[in-house]
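In: after the sequence you'll find the predicted model.
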Amino acid sequence: MDQEELKSRTKQFAMRIIKLVRYLNEHGSIAAKIIANKQLIRCGTAVASGYRAACRCQSRKDFIAKMNIEVEECDETQLWLELLTESGLVKLYFVKDLLKESGELTAIMTASKNSAIKNQSRK
């Protein structure tokens, strides 16, 4: 997957998070609304904006630092999705694809960060 494809994928992920938050604001419980508006929207959309920022880094060190943040944002998004489902606030089938995508994005960001670290140590 190249940089432009991953930019598109993270943007689509953010759009799906926004749609979920909108849905939870219209149909969710108070707890679901709080999680959606205070946590999920922030980390779920930060995946796309943070990756775009990482793509503009001037140094490998800066890229690694930004990718560390990306891994955290992806993983945090997954946590909030898990909490929504495991608490019974949202049915698993409703966010199953988002959970899968957050896991895949976490793995991709981790691999990218680790590759940059490996290449940095070779120099």
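Out: Received, thanks.

In: need the helices for the protein, in chain order.
Out: 3-27, 30-35, 41-55, 60-86, 92-121 (DSSP state H).

In: switch those helices over to CSV; also include mean neighbour count and mean pLDDT.
Out: Any C-beta I mention is one placed from the backbone N, CA and C, and that applies to glycine too. Converted to CSV, the helices of the chain look like this (neighbours: other CB atoms under 10 Å; pLDDT from 0 to 100):
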stretch, mean neighbour count, mean pLDDT
helix 3-27, 16, 98
helix 30-35, 16, 98
helix 41-55, 20, 97
helix 60-86, 19, 97
helix 92-121, 16, 94
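
In: how close does Gly28 get to Lys19?
Out: Distance, Gly28 to Lys19, by CB to CB, to the nearest Å: 13 Å.

In: typo on my end, Val90
Out: 13 Å.

In: swap in Ser8?
Out: Taking CB to CB, one finds Ser8 at 17 Å from Lys19.

In: which residues sit in contact with the residue nearest in space to the middle of the chain?
Out: Central residue of the chain (CA atoms, centre = their mean): Cys74, 3.2 Å from the mean position. Cys74 makes contact with 47, 102, 105-106, 109, according to CB atoms under 8 Å, 6 or more residues apart in numbering.

In: for the residues you listed, which two are the farthest from each other?
Out: Greatest spacing in the contacts of Cys74, by CB to CB: Ser102 and Met109 (10.5 Å).

In: now tabulate the contacts of Cys74 in a markdown table and tack on distance to Ile69.
Out: As requested, the contacts of Cys74 are exported to a markdown table (distance: CB to CB, whole Å):
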| residue | distance to Ile69 |
| --- | --- |
| Val47 | 10 |
| Ser102 | 15 |
| Leu105 | 13 |
| Thr106 | 12 |
| Met109 | 9 |
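
In: no further questions, thank you.
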